[in-house]
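1. take a look and give me a structure for this.
(one chain, ligands or ions: 1)
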Amino acid sequence: AAHRPLLEVSDLHAYYGESHVLHGMTFTVPEGEVVTLLGRNGAGKTTTMRAIMGMLKSRKGSIRFDGVETVGLPSNKVARLGIALCPEERGIFAGLNVQENLLLPPVVKPGGLSDAEVYELFPRLLERRYSQGTKLSGGEQQMLAIARILRTGAKLLLLDEPTEGLAPVIVQQIGELVRTLKHKGFTIVLVEQNFHFASTVADRHYVVEHGRVIDMFRNDDIEANRDKLASYLGV
Ligand code: ATP
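-> The predicted structure is shown next:
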């Protein structure tokens, strides 16, 4: 069934100072889907996530979330609409323990997971709830970084390279987690370098190059488009 768009990015431009980085990004994220942004290093994927989150002041164009225009809103207002970002660098506070890290982001909307539900999804974090952030493995840090945005009430999760640097068995766990979150009704935008992983979790893929979307594939069609994708991604 076709779902209504939850996020509509159209003709989005963004700048770092004088440097023009996004050149008319246009893509749609249907409610309830997992969508990836694929593309080479420096294509503008992270910048797109930051722009959606309102972390880049210099933006032009349109970003509509649930019908509401967000270009021009500061990131705290964007968060309150129900969007959360899990950044590539994860942002775990080393001096806080798991539980303190988990409780850090404010709950902005009703309907987020309860603490008990979060721990049920991440039993490992429950076991380690009094461990300092520094004591966690890379995989545990990534799980914690995702876990803590589930409490906030956000409906749209922006996950920036959640599998980066992690062992295959942990990547698989993150794949299961993403599928579970989709079943729970979250809508997810995923930045990925790992195309194999992306193809196991996503409904559709947008290919980003030089700050714009140059193609889109439904996950069901990727076998038929393998050569084209390989040439885009340089793999
Ligand atoms: P990666 O996977 O390497 O993060 P990406 O597709 O996410 O790639 P971005 O991080 O969005 O790409 O970067 C897009 C462009 O913006 C690159 O040319 C990068 O050098 C530039 N850029 C990124 N961050 C900044 C910044 N803080 N100041 C200036 N230029 C930046």
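
2. those residues of the protein touching the ligand, which are they?
-> 16, 19, 21, 39, 41-47 (CB under 6 Å from any ligand atom). The way it works is simple: take the backbone N, C-alpha and C, and place the C-beta from them, glycine included.

3. for residue 20, phi and psi?
-> Here is the backbone geometry of residue 20 (degrees, to the nearest 10): phi -90, psi 110.

4. tell me how far it lies from residue 61.
-> 12 Å (CB to CB, to the nearest Å).

5. ok, back up a step: in strands, which of the residues of the chain next to the ligand appear?
-> 16, 19, 21 (DSSP state E).

6. drop anything exposed from those residues.
-> residue 21 (16 or more other CB atoms under 10 Å).

7. hey, what's in contact with both of residue 20 and residue 61?
-> residue 13 (CB atoms under 8 Å, 6 or more residues apart in numbering).

8. between the two, which is the more surrounded one?
-> residue 61 (16 against 12; other CB atoms under 10 Å).

9. now stretch 10-24: buried residues?
-> So, applying 16+ other CB under 10 Å, buried residues of stretch 10-24: 12-15, 21-22.

10. pretty sure residue 96 is touching residue 104, no?
-> Yes - when contacts are counted by CB atoms under 8 Å, residue 96 is listed as touching residue 104 (7.3 Å).

11. take the residues of the chain next to the ligand and write them to JSON lines, including pLDDT.
-> Converted to JSON lines, the residues of the chain next to the ligand look like this (pLDDT from 0 to 100):
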{"residue": "16", "pLDDT": "92"}
{"residue": "19", "pLDDT": "92"}
{"residue": "21", "pLDDT": "96"}
{"residue": "39", "pLDDT": "93"}
{"residue": "41", "pLDDT": "91"}
{"residue": "42", "pLDDT": "93"}
{"residue": "43", "pLDDT": "95"}
{"residue": "44", "pLDDT": "96"}
{"residue": "45", "pLDDT": "97"}
{"residue": "46", "pLDDT": "96"}
{"residue": "47", "pLDDT": "96"}
